Structure formats: C-alpha cells, structure tokens
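Visitor: From the sequence below, what's the structure:
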Amino acid sequence: MVCALGTSSSFGQQRKKVDHVKGEWVVSNDITPMQARENAINQAKIEALRQAGVPEFISESNLQYHSEKPEQMKELFESLASVAISGEVSEFSIVKEEKKLNEYGNIVFDVWIDATVVVHQSAKDQGFNMEVRGVREGYSSPDQLSFEVTPWKEGYLTAFILSEKESSQLYPNNSEGQERLAAQTVYHFPRSKAVEYEVSTENSIEINCLILLYTKEEIPFMKEPTHQNILKFIAGIDPARKSLKTYPLLIKK
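Guide: Numbering: from 1, shown residues only. The predicted model follows:
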C-alpha cells in the first residue's frame with residue numbers, strides 16, 4: 001500500500017534520504033504471509049518518517065489490525081493518511097528482507113528499505129476539504145463504483161484506483177475532462193452518464209484503494225499511472241494546497 005511532480009511546487013519542502021530502515025510484522029491468524037510482508041514495509045516507511053524528523057506523532061495504536069478485513073484496511077489507510085500531514089515517503093526501495101521464527105514460534109517478516117522522505121514545512125489548510133458520500137466498502141465483481149463529492153472550497157479533483165498488481169487514474173479520463181468544482185456544491189461521479197467506473201476481480205477476493213486528491217490549483221498527472229508515480233505525485237504537493245482521502249474497496253467475485 002499506498003505517491004512527476006507536475007506543476008506542484010517544492011516551496012516549503014525538503015527531501016531527506018534515510019537508508020537501511022527496518023520494518024517488522026508478525027503473521028497472525030487473520031492475515032496472510034503476503035499481507036504481513038506488506039505491513040512490514042509500511043512499518044519501515046513509518047520508521048523512515050521518524051528518522052527523517054517528521055514532526056507528526058505517530059501512534060502505534062493507529063496501526064493495529066482487526067479481524068474484519070474491510071475495517072483493518074480502512075484503519076491502515078487512515079493511519080497512513082494521518083502521518084502524511086507533515087511528511088511523506090515519496091519513493092523507496094527494498095534492500096533486504098527476511099522471514100524467520102520468533103521465540104514464540106510465529107513467522108516474522110523483517111524488511112529493510114532505503115527511502116526518500118518529503119518533509120513539508122507548511123501546515124495543512126483545515127478549511128480546504130471535501131465531503132464524500134456513496135463509497136461502499138464491499139463490491140461484488142463486476143460492480144459499478146459511484147460517489148458524490150461536496151467541496152468546502154472551490155478546487156480540482158483527481159481520483160486514482162490502486163490494486164495489488166496495477167493502478168489507474170479514474171478521473172479525469174479520456175471521456176471526462178478536468179473541471180473546477182464550486183464550493184458547497186454536490187458533484188456526482190462518474191460525471192458523464194456515458195461513463196462507468198467498473199470494479200472487478202479475477203480472484204475470490206481483492207482489496208483496492210480509491211484515492212481522492214483535491215487541490216487548490218489544477219495539477220495534471222502526466223506520468224504512467226504506476227503505484228510509485230502516483231504516490232510521488234501526491235507527495236510532491238504541499239499539504240496547504242491539497243486534501244487527500246483514501247478508501248479501501250473489498251471486491252468479491
């Protein structure tokens with residue numbers, strides 16, 4: 001889980017490189033070894049933020065998992081979004097990983113990463129936000145995704161979908177151009193009746209992430225929509241100029 005900087009400014013930001021940062025996660029009954037590995041990577045990212053001097057206090061309790069998959073993903077996404085207020089991991093590479101047994105006989109994943117952290121100097125604009133309705137946690141494949149956005153102030157929306165294997169820009173797209181959204185106005189997505197946002201899976205179950213990025217200025221995403229390019233794009237926008245919301249989507253075949 002889960003950033004061209006485009007026209008986004010580097011003013012009020014600094015980048016710090018941290019190397020060989022470790023993350024760890026224990027395999028439990030309610031998660032798979034692959035999920036434990038991903039959680040270890042996320043722990044390493046959070047430790048990278050700490051080492052880079054990001055001033056946000058990160059509570060370990062915000063990162064605990066529960067047995068119900070939709071809730072556990074929701075809490076993880078929200079916790080990662082909360083630590084992105086003053087700093088974000090713009091890019092990283094895994095330099096080492098190990099799987100071992102601890103003293104209790106549990107499988108433990110250890111991951112070490114090299115990371116570049118963007119440290120923001122400006123504060124988030126609490127008045128620049130949006131209300132989102134209609135995003136469900138569960139979908140039956142194939143299904144249609146739709147939602148409503150009510151901005152607090154005028155701005156521009158960009159939406160992405162991330163899955164384990166691929167990602168894409170949901171809006172704007174070839175059929176729906178970017179538009180300036182007015183304050184206190186309800187906007188339905190898809191914007192066009194000729195467009196459908198389909199969610200589907202070939203697996204029995206899959207978790208996707210819907211990312212809604214709302215910015216004060218129009219900032220086009222110009223890169224190939226890979227996970228890394230999307231996260232770097234989001235990380236390069238100053239917190240005072242954006243509002244970010246993430247939603248886990250549980251898709252069942």
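Visitor: looking at this protein, which helix or strand does the model trust least?
Guide: The least trusted helix or strand in the chain, going by mean pLDDT, DSSP states H and E, turns out to be helix 69-82, with a mean of 46.
Visitor: residue ranges for the strands of the stretch 101-250 of the chain, please.
Guide: Counting by DSSP state E, counting those that start in this stretch, one finds strands in the stretch 101-250 of the chain at the ranges 107-120, 130-133, 138-140, 143-145, 147-151, 156-162, 167-171, 187-189, 197-199, 205-215, 242-252.
Visitor: Columns mean pLDDT on top of these, output as CSV?
Guide: What follows is these, written out as CSV (pLDDT from 0 to 100):
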stretch, mean pLDDT
strand 107-120, 88
strand 130-133, 96
strand 138-140, 90
strand 143-145, 93
strand 147-151, 97
strand 156-162, 94
strand 167-171, 93
strand 187-189, 97
strand 197-199, 92
strand 205-215, 89
strand 242-252, 87
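Visitor: Make a markdown table out of those strands and add mean neighbour count.
Guide: (Each C-beta comes from the backbone N, C-alpha and C, glycine too.) Supplementary listing: the strands of the stretch 101-250 of the chain in a markdown table, determined by neighbours: other C-beta atoms under 10 Å:
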| stretch | mean neighbour count |
| --- | --- |
| strand 107-120 | 20 |
| strand 130-133 | 15 |
| strand 138-140 | 14 |
| strand 143-145 | 16 |
| strand 147-151 | 18 |
| strand 156-162 | 21 |
| strand 167-171 | 19 |
| strand 187-189 | 16 |
| strand 197-199 | 16 |
| strand 205-215 | 20 |
| strand 242-252 | 20 |
